[in-house]
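In: I would like to see how this sequence folds:
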Amino acid sequence: MYLLCYGRSDNAKRTGKLLMDSIGGRWIYSEDFFASSISCPSSDDTTAFVMLLPLEAACEIASSISQPLGNIPVVCVSPEGKFAATVKRGSLSSEQCSVIVKAIADELGNYCFTSFGSNADIAPDIGGMIRSYSMTVSDDVLCDRVKHHIAAGGRVSLYTDMPVVFGEPVLDSMLFELHRYTPETHDSFIQAYKDTASLKSIIPAVFITCRKLPDTYDTSSILVLTPRLLCLGIELKTKLDPQYSAGVVRTSLENHLINPASVSTIAVSSNARDSDIIRCIADDLGASVTAYSARQIADVRLPLKMTFAPDRLSDIATAAAYMASSEGKILIRRSGGNSGVVFSAALRNDKLQITEV
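Out: Okay, here's the model as predicted:
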């Protein structure tokens, strides 16, 4: 362990010398150091900044540290050595930062306290997120366990392949260990799901996705939340049995590795609004129905042209899905083949608000 100590008062210098002599490290003589682009000497030991300053001053400096120094955790220690606490984790986990704080506290003595209260004081309610996005919950009992764990200040692993944002990033990162995946890293996301299932942790991990996850794994330690962000545009090519049509759409979505529970809206042309087929599909998916006029559909400018039918001027299904998703990302274009029901799918561009401000 290697401590980079900074402070101004005589108390700070005395406390810093005690820590450097016992743990190891060196003194930083100017605040300009934190704005530099230099790299710290490589070491096998964990490196940490120790701000021997009032808490407000330590937080202010920590928020402006430049890269590559920004990956180094910051620990605030009161100049007289009465408390120690992590104010920035850098690239370390909360558990690794706790080891650093404990080592510092052990040197400062039993009178040094290391926390100002429980994380329960900053715990959010994920129920708000679930309601906001009409999320389908894989297991209500597991969901209650996760809610109670967070409410008590516990930390939860959260995996998602969707754009997400925290209401209070600094506070929320103390309660959520976020694992982000892009659409291009789908295989890694699925592997994380498999690995998590094999761990069988007491506290369930949370997966937020519109993807259809494998159903051959033990999900007793995984809570899956499926937001309703998908919009389907549908064209009817012939008269069909409504139940058959609903089955075609559901099966096709799953074949595209999309969870049918993610569908929020069925978009159609005005003359198909009252179709029994459309109503049956919507009821099967638990989705609402919206309709657009022929002019609205004709005026849509899609972000890409059909390569399989470049001479086709209209694409009702894709145009309707694109409008309903507020010009979101087109995931499926004209699926259904010869079934008589053709649909396209688009995902809203919304960033999921995990916690409220």
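
In: mind checking the end-to-end distance for stretch 31-47?
Out: 18 Å (Cα to Cα, to the nearest Å).

In: Repeat that for stretch 56-69.
Out: Start and end residues of stretch 56-69 are separated by 20 Å (Cα to Cα).

In: which parts of that stretch are buried?
Out: Along stretch 56-69, these residues count as buried under the neighbour rule (16 or more other Cβ atoms under 10 Å): 58-59, 61-62, 65, 69. Heads up, the C-betas are built off the backbone N, CA and C, glycines and all.

In: and what of stretch 250-269?
Out: Quick answer for stretch 250-269 (16+ other Cβ under 10 Å): 252-253, 258-269.

In: tell me the contacts of residue 322?
Out: By Cβ atoms under 8 Å, 6 or more residues apart in numbering, the contact set of residue 322 is 233, 300, 302-303, 328, 330, 344, 346.

In: element containing it?
Out: Element membership for residue 322 (DSSP states H and E) is helix 316-324.

In: about what we covered before: report the two of the contacts of residue 322 separated the most.
Out: Spanning the widest gap among these are 233 and 303, at 14.3 Å by Cβ to Cβ.

In: Neighbour count for these two, which is higher?
Out: Set residue 233 next to residue 303 and count neighbours by other Cβ atoms under 10 Å: residue 233 wins out with 33 against 9.

In: What pLDDT is listed against that one?
Out: Looking at residue 233, its pLDDT reads 96.

In: do you know how far it is from residue 30?
Out: 61 Å (Cβ to Cβ, to the nearest Å).

In: swap in residue 321?
Out: Relative to residue 30, and taking Cβ to Cβ, residue 321 is found at 58 Å.

In: Compare these two (neighbour count), which wins?
Out: The residue with more neighbours, out of residue 321 and residue 30, is residue 321; 31 against 9, by other Cβ under 10 Å.

In: so who does the more buried one touch?
Out: So residue 321 contacts 231-233, 267, 330, 343-346 (Cβ under 8 Å, 6+ apart).

In: Burial check on the nearest residue to residue 209 once chain neighbours are set aside, number of neighbours?
Out: Spatial nearest neighbour of residue 209, chain neighbours left out: residue 161 (5.4 Å); criterion: Cβ to Cβ, 6 or more residues apart in numbering. By other Cβ under 10 Å, the residues close to residue 161 number 22.

In: List the contacts of residue 161.
Out: Contacts for residue 161 were tallied using Cβ under 8 Å, 6+ apart; they are 180-183, 185-186, 189, 209, 211.

In: Try it again at 7 Å.
Out: 181-183, 186, 189, 209, 211 (Cβ atoms under 7 Å, 6 or more residues apart in numbering).

In: In helices only, show me the buried residues of stretch 250-269.
Out: When DSSP state H is applied, these are split such that 252-253 fall in helices.

In: so residue 29 sits in a strand?
Out: No - applying DSSP: H, G, I helix; E, B strand; the rest coil, one finds residue 29 to be coil, outside a strand.

In: What count of nearby residues applies to it?
Out: Residue 29: 8 surrounding residues under other Cβ under 10 Å.

In: how near is it to residue 320?
Out: Distance, residue 29 to residue 320, using Cβ to Cβ: 65 Å.

In: And for residue 346?
Out: In this structure, residue 346 and residue 320 are 9 Å apart, going by Cβ to Cβ.

In: isn't there a strand covering residue 177?
Out: Yes - under three-state DSSP, residue 177 falls within a strand.

In: quick one, strands of the stretch 1-150 of the chain?
Out: With strands called from DSSP state E, counting those that start in this stretch, the stretch 1-150 of the chain shows them at 2-7, 25-27, 47-52, 74-77, 84-88, 136-137.

In: any low-confidence regions in the stretch 151-300 of the chain?
Out: Judged against pLDDT under 70, the stretch 151-300 of the chain has no low-scoring part.

In: Strands of that one, residue ranges please.
Out: For the stretch 151-300 of the chain, the strands defined by DSSP E, counting those that start in this stretch cover 156-160, 164-165, 176-180, 205-208, 222-226, 230-236, 263-269, 288-292.

In: which parts of the fourth one are buried?
Out: So the one you mean is strand 205-208. Within strand 205-208, the residues that qualify as buried are 205-208, counting by 16+ other Cβ under 10 Å.

In: What's the local residue count around residue 332?
Out: As a burial measure, residue 332 scores 22 neighbours (other Cβ under 10 Å).

In: Next up, the contacts around it.
Out: Residue 332 makes contact with 256, 344-345 under the criterion Cβ under 7 Å, 6+ apart.

In: got those as a markdown table, with distance to residue 351 columns?
Out: Listed next are the contacts of residue 332 as a markdown table, based on distance: Cβ to Cβ, whole Å:
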| residue | distance to residue 351 |
| --- | --- |
| 256 | 23 |
| 344 | 23 |
| 345 | 19 |
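
In: Quick one: residues contacting the closest residue in space to residue 96 that isn't next to it in sequence.
Out: Leaving aside its sequence neighbours, residue 96 sits nearest to residue 46 (Cβ to Cβ, 6+ apart; 6.9 Å). If you count contacts by Cβ under 7 Å, 6+ apart, residue 46 has them with 1, 96, 100.
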